[in-house]
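S.K.: Only the shape, not the letters, is given here:
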């Protein structure tokens, strides 16, 4: 499974570190608009080929998968072009800017018998699966709280009058797409799509959300998803049932540890994640699906990604957040 990367940011460094531990996955190519920005990563991970022309990358017969980690607004076009050239694709979260873009990519992948994945790490974590196994102990579900808040260094630039990509509506940025998306994936992969949703956001003068809370209403319970890039917090997930609760230490992103408290029973602590770089697990999953030609599993994941994109679109509409991609 030979992959090429589009992008050279910190997430690409983390991904390359993770896949170096996954048997059968190798990065053979890095794309960047400027060769000098790709060279440090290429040297660090022994990558032999650097492209500064996307068409040359798409035409490389030695590349199986293209991993896209460009600014959010570029995901759709680059993934579309890669699929058209017969490449399998792993697209960094958020999958696309709009629900329609996601639908178009999924249809194109299916038509061409290609694998397409959203790189959302938390739903592939062993501890995430352990949470699902513990749910029956809680009795009737009543409430879920998720908080993933991380003060962004780019927020200082925003306050100084600049517009970094992550806080730019033209680049499909904002707290919902960048950070609260982990909470939505966590809840929706476990419980499916909600009946109704609302999004209340703190918005900058340029219209982007710097923090906010999504409320997902299910038939028997409510899920509250908080995501902030303008403050920090003790990140956590609390899943509350009538018989007890499950606490996910560290929040929905990494699922570092699970604490299960049922009535007056002793507190149970669970951690089955051996890898310190939790990105390892999603690439292990992608490799297994690819090696087994398991299109059914791929399409299940794509259906989930589409559902999340639908909710993201609805949430942005509720909060009045408009991207350039919405106007196309």
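M.R.: In hand now; what should we look at? Note that the structure is predicted; figures quoted are calculated from it, not measured. Numbers count the residues shown, from 1 in each chain.

S.K.: residue boundaries of the helices in the stretch 1-150 of the chain?
M.R.: Using DSSP state H, counting those that start in this stretch, the helices found in the stretch 1-150 of the chain span residues 10-19, 35-45, 54-59, 75-84, 99-111, 126-134.

S.K.: what's the average pLDDT for the shortest one?
M.R.: Helix 54-59 carries an average pLDDT of 97.

S.K.: can you check the longest one too?
M.R.: Averaging the model's pLDDT scores along helix 99-111 yields 98.

S.K.: Kindly report the same for the last one.
M.R.: Per-residue pLDDT values over helix 126-134 give a mean of 98.

S.K.: Can you list the buried residues in that helix?
M.R.: Residues of helix 126-134 classed as buried: 127, 128, 130, 131, 134 (neighbour count, 16 or more other C-beta atoms under 10 Å). From N, CA and C alone the C-beta is placed, and that goes for glycine too.

S.K.: For it, which helices and strands make contact with it?
M.R.: Applying 3 or more C-beta pairs under 8 Å, 6 or more residues apart in numbering; DSSP states H and E, one finds that helix 126-134 makes contact with helix 181-191, strand 244-249, strand 257-262, strand 268-270.

S.K.: Likewise for the shortest one?
M.R.: Taking 3+ C-beta pairs under 8 Å, 6+ apart as the contact definition, the neighbouring helices and strands of helix 54-59 are strand 2-6, strand 26-31, helix 75-84.

S.K.: Mind putting these into CSV with mean neighbour count?
M.R.: Listed next are the helices and strands packed on helix 54-59 as CSV, based on neighbours: other C-beta atoms under 10 Å:
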stretch, mean neighbour count
strand 2-6, 24
strand 26-31, 22
helix 75-84, 21
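
S.K.: Let's have the ones you listed in a markdown table, adding distance to residue 13.
M.R.: Below are those laid out as a markdown table (distance: least, C-beta to C-beta, whole Å):
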| stretch | distance to residue 13 |
| --- | --- |
| strand 2-6 | 10 |
| strand 26-31 | 11 |
| helix 75-84 | 19 |
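
S.K.: Switch the ones you listed over to CSV; also include mean pLDDT.
M.R.: Shown next, in CSV, are the helices and strands packed on helix 54-59 (pLDDT from 0 to 100):
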stretch, mean pLDDT
strand 2-6, 98
strand 26-31, 97
helix 75-84, 98
